[in-house]
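Colleague: based on what follows, work out the 3D shape:
(4 chains)
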Protein chains: 2
Amino acid sequence: MNYPVFAVTVDLVVLTVREGELKVLLVRRGLEPYLDRWALPGGFVHADEDLAAAARRELAEETGLAGPGGHLEQLASYGKPERDPRGRVVTVAHLALLPDLPTPTAGTDAAAAAWRPVDQQDLAFDHHRILADGIERARSKLEYTPLATAFCPPEFTIAALRQVYEAVWGEPLDPRNFHRKVTTTPGFVEATGRSTEGGPGRPAALFRRGAATLLNPPILRRGTR
Amino acid sequence: MNYPVFAVTVDLVVLTVREGELKVLLVRRGLEPYLDRWALPGGFVHADEDLAAAARRELAEETGLAGPGGHLEQLASYGKPERDPRGRVVTVAHLALLPDLPTPTAGTDAAAAAWRPVDQQDLAFDHHRILADGIERARSKLEYTPLATAFCPPEFTIAALRQVYEAVWGEPLDPRNFHRKVTTTPGFVEATGRSTEGGPGRPAALFRRGAATLLNPPILRRGTR
DNA sequence: TCCATTCTCGTCACTCTGACGATAACGGAG
DNA sequence: CTCCGTTATCGTCAGAGTGACGAGAATGGA
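Modeller: Numbering: from 1, shown residues only, chains lettered A, B, ... in the order given. This is a model prediction of the structure:
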């Protein structure tokens, strides 16, 4: 059988919410092509490795290890013949959503990795497109899944969850309506009985993620309606 | 640079609605492995070909040419090391939705292609999983996009559109509420002024697909709520 | 002419949502 | 210790959307 030969890579769109803003993990390229340009972290899929396993491995290498929590899913594949000047490379992009706490951008591998604003320009290869697709996927997933909890630590307040939505969607939400919505949607979050202490204002109840995998009804953003 | 070598294929989940049921286009394999088993149509991506272009080419080869109308989008990629016993093959699955009319399953390429029920068992490779993912994607897309029109000819009745939903979702819908929903959602369909003639019952107005790309609010299936 | 069939329009109760008022529970200033 | 700013939480209310279903309109066939 005769067929062309490809290299297959995994690229990661790793998102988190820091300082009230959506950030993406980028690395500065240390070699040609696109030397010194920001790029999505990624690497070649090994010879005996599943795509998902390669994505998990790269994520662990770049972030030091994404502890529990967080979320990783396949995003899409990109394979234009000219996307990599070195040869025919198809990349299977993955989307990762992580809580802020874990890793201050300093893994084993990442030479110069940093959390950057998601409107970063001049990315290497077709990574701008991949990033845009990843962000849109994340925004969309927040509408009809409880995945916003992947951005939060194991226990979180409703306000923290709301700030995730506001950061990802880039629009303010009414705290009272959001509170009602989240607490009345079965399986979205469940109360822990504990609450915060020390901060300004009234202490807030702490929740953990619930068992639901789909939100019914969905929480729709303004832009979509 | 040292990296493993892959073959990259495109596999197609081609869906249509025939005789009130959701059908998938399958081909009988004429060679090992999985000789004589049903499989998704597909083939290798050419050396200088984009993934989307490869998918369009395969679709044209298998269906004789999917005329205007219809819809093609990337579904997901599958790359378990052992998924093809002949070597390391990553497949980029695509999802196609076609109106019934065009092709009675007899293209240039397809040796033995046929429209089969979507619960077909014993597919080759990991095609059962790919098919399941494709069907779920289609069901989901009907909820929040006007993509059901891709299953219909250029002009169609509301009843025909409803039958698409019923076939894809496998559940009956109230004709009156569906009619209200579709006609009041801006951009879903637009009236042509013409209507059907000859059939039983009152003639039905004919519509064409509207300009909307997203349904607001979505049409949710029972199973999801 | 009557009838079965299918399309289309209406009605009504119920739920959900957005906008927003009001109260609760804290820390800190005076 | 009281007042006050801040944040969390609960309530209220009108309007939109939906499911369930009645009823009339427009056809072909018995």
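
Colleague: mind listing the helices for chain A?
Modeller: Secondary structure of chain A (DSSP state H): helices at A:51-63, A:127-144, A:158-169, A:175-184.

Colleague: isn't A:Ala211 right up against A:Gly187?
Modeller: Yes: in terms of Cβ atoms under 8 Å, A:Ala211 counts as a neighbour of A:Gly187; the distance is 4.9 Å. Backbone N, C-alpha and C define where each C-beta goes, glycine included.

Colleague: looking at those two, which one has more neighbours?
Modeller: A:Gly187 (14 against 9; other Cβ atoms under 10 Å in any protein chain shown).

Colleague: pull up the gap between the closest residue to that one other than its chain neighbours and DNA strand C, please.
Modeller: Taking Cβ to Cβ, 6 or more residues apart in numbering or on different chains, and ignoring the residues beside it in sequence, A:Gly187 has A:Ala212 as its nearest neighbour in space, at 2.8 Å. As for A:Ala212, its distance to DNA strand C is 14 Å (criterion: Cβ to the nearest atom of the strand, to the nearest Å).

Colleague: can you report how many residues lie near A:Ala212?
Modeller: Look at A:Ala212: counted by other Cβ under 10 Å, it has 15 neighbours.

Colleague: where's it relative to A:Val24, distance?
Modeller: To A:Val24, A:Ala212 is 27 Å away according to Cβ to Cβ, to the nearest Å.

Colleague: and the angle for the longest strand along chain A with helix A:158-169?
Modeller: Residue-count comparison of every strand in chain A, with assignments taken from DSSP state E, identifies strand A:7-18 as the longest. Taking axes from the mean of the first three to the mean of the last three Cα atoms, to 10 degrees, one finds strand A:7-18 and helix A:158-169 inclined to each other by 130 degrees.

Colleague: does the residue nearest to A:Gly187 touch A:Pro186 like I think?
Modeller: Yes: here A:Ala212 reaches A:Pro186: they are 6.6 Å apart, a contact under Cβ under 8 Å.

Colleague: in this structure A:Ala76 contacts A:Leu131, no?
Modeller: No: A:Ala76 lies out of contact with A:Leu131 (Cβ under 8 Å); the separation is 11.8 Å.

Colleague: just checking, A:Gly79 touches B:Val10?
Modeller: No: look at A:Gly79 against B:Val10 with Cβ under 8 Å: they stay out of range, at 9.7 Å.

Colleague: give the residues shared as contacts by those two.
Modeller: Taking Cβ atoms under 8 Å, 6 or more residues apart in numbering or on different chains as the contact criterion, the common neighbours of A:Gly79 and B:Val10 are B:Val45, B:Leu51, B:Val92.

Colleague: residue numbers of chain A in contact with DNA strand D?
Modeller: Residues of chain A found near DNA strand D, taking Cβ under 7 Å from any atom of the strand as the criterion, are A:157-159, A:175-177, A:179-180, A:183, A:195, A:199-205.

Colleague: let's see it at 6 Å
Modeller: If contact is defined as Cβ under 6 Å from any atom of the strand, the residues of chain A in contact with DNA strand D are A:Thr157, A:Ile158, A:Ala159, A:Pro175, A:Arg176, A:His179, A:Pro200, A:Gly201, A:Arg202, A:Ala204, A:Ala205.

Colleague: quick check: residues of chain A near DNA strand C?
Modeller: Looking at DNA strand C, the residues of chain A close enough under Cβ under 6 Å from any atom of the strand are A:Asp174, A:Arg176, A:Asn177, A:Lys181, A:Pro200, A:Gly201, A:Arg202, A:Pro203, A:Pro217.

Colleague: pull the number of nearby residues for the last one.
Modeller: Neighbour count of A:Pro217, defined by other Cβ under 10 Å: 13.

Colleague: quick one, strands of chain A?
Modeller: For chain A, applying DSSP E gives strands covering A:7-18, A:21-28, A:38-39, A:42-44, A:71-78, A:89-97, A:113-117, A:156-157, A:189-195, A:205-209.

Colleague: ranking the ones you listed by burial, who's on top?
Modeller: Greatest average neighbour count among the strands of chain A goes to strand A:89-97 (a mean of 25), per mean count of other Cβ atoms under 10 Å in any protein chain shown.

Colleague: run a quick neighbour tally on the residue in chain A positioned nearest to DNA strand D.
Modeller: Scanning chain A for the residue nearest DNA strand D gives A:Gly201, at 2.0 Å (criterion: Cβ to the nearest atom of the strand). Other residues near A:Gly201 come to 7 when the count uses other Cβ under 10 Å.
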